[in-house]
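Chemist: What follows is a protein structure lacking sequence information:
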């Protein structure tokens, strides 16, 4: 039986990129609805998302900027409770097509509690993202029960992706990895410049490490101690 999947796309200043992602999602019949969260953008992200969308696409506008995790939470809280799963997709994907959505939905239909879409890097990095972990990706489909068990303190920054991994693995869930051939993402260095981009990456790795320690120390109750 096909799951009722609602898609969420958190976006902050993604003009010039958000349209192609929304178009790909809108062309996929496995999604029941698509919510784009315009998280305090100062550009035309919202209008581009609306222009690319169809009847099942809506734009949720937040002011001021809350950050990715809180934008995702706002969208989840606004969705109907009768959906079986929620899918998340980044707003700056490159090479993303409806067939990639179908691949992820097909795995979710097999009963997996979380499906993680893996972007396509070079061969060595493709292997490393699986072997070394943790899986950090904005492309996911999760059963509702996973989202309902995530502590509120985890809906911030990269906390949320680490918490999703922890919750599924420690509460008996099953995870499937889905290779998204040809899919990349706009590099942060291209968006913000080399200095800011590298600083952002270091901040990401530090936050991931802190979050993992907090979850282990509190048995999954909080993401920050």
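Modeler: Right, received. Where do you want to start? From a predicted model like this one, the values you see are computed outputs, not experimental measurements.

Chemist: Which residue ranges of the protein form strands?
Modeler: Counting by DSSP state E, the chain has strands at residues 5-11, 31-39, 57-62, 85-88, 93-94, 114-118, 140-143, 175-179, 184-185.

Chemist: Those: which one's closest to residue 128?
Modeler: strand 114-118 (10.9 Å; Cβ to Cβ). For every residue, glycine as well, the C-beta is placed using N, CA and C.

Chemist: Pipe the strands of the chain into JSON lines and attach mean pLDDT per row.
Modeler: Shown next, in JSON lines, are the strands of the chain (pLDDT from 0 to 100):
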{"stretch": "strand 5-11", "mean pLDDT": "97"}
{"stretch": "strand 31-39", "mean pLDDT": "96"}
{"stretch": "strand 57-62", "mean pLDDT": "95"}
{"stretch": "strand 85-88", "mean pLDDT": "97"}
{"stretch": "strand 93-94", "mean pLDDT": "96"}
{"stretch": "strand 114-118", "mean pLDDT": "96"}
{"stretch": "strand 140-143", "mean pLDDT": "98"}
{"stretch": "strand 175-179", "mean pLDDT": "95"}
{"stretch": "strand 184-185", "mean pLDDT": "92"}
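
Chemist: Just put those strands in JSON lines and tack on mean neighbour count and distance to residue 213.
Modeler: Below are the strands of the chain laid out as JSON lines (neighbours: other Cβ atoms under 10 Å; distance: least, Cβ to Cβ, whole Å):
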{"stretch": "strand 5-11", "mean neighbour count": "25", "distance to residue 213": "25"}
{"stretch": "strand 31-39", "mean neighbour count": "25", "distance to residue 213": "27"}
{"stretch": "strand 57-62", "mean neighbour count": "17", "distance to residue 213": "30"}
{"stretch": "strand 85-88", "mean neighbour count": "24", "distance to residue 213": "24"}
{"stretch": "strand 93-94", "mean neighbour count": "20", "distance to residue 213": "30"}
{"stretch": "strand 114-118", "mean neighbour count": "24", "distance to residue 213": "22"}
{"stretch": "strand 140-143", "mean neighbour count": "25", "distance to residue 213": "22"}
{"stretch": "strand 175-179", "mean neighbour count": "16", "distance to residue 213": "21"}
{"stretch": "strand 184-185", "mean neighbour count": "16", "distance to residue 213": "27"}
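
Chemist: Mind checking those for the one nearest to residue 155?
Modeler: strand 5-11 (11.1 Å).

Chemist: Quickly run through the sheet partners of the closest one, with directions.
Modeler: Here strand 5-11 has these sheet partners by DSSP bridges: strand 31-39 (parallel), strand 85-88 (parallel).

Chemist: Compute the inter-axis angle for that strand and strand 57-62.
Modeler: 50 degrees (axes from the mean of the first three to the mean of the last three Cα atoms, to 10 degrees).

Chemist: any idea how far residue 158 is from residue 123?
Modeler: 25 Å (Cβ to Cβ, to the nearest Å).

Chemist: So for these two, which residue has more residues nearby?
Modeler: residue 158 (20 against 8; other Cβ atoms under 10 Å).

Chemist: Distance check, the spatially closest residue to that one that is not a sequence neighbour against residue 163.
Modeler: Spatially, and ignoring its direct neighbours in sequence, residue 158 is nearest to residue 207 (4.9 Å; Cβ to Cβ, 6 or more residues apart in numbering). With the distance defined as Cβ to Cβ, residue 207 ends up 12 Å from residue 163.
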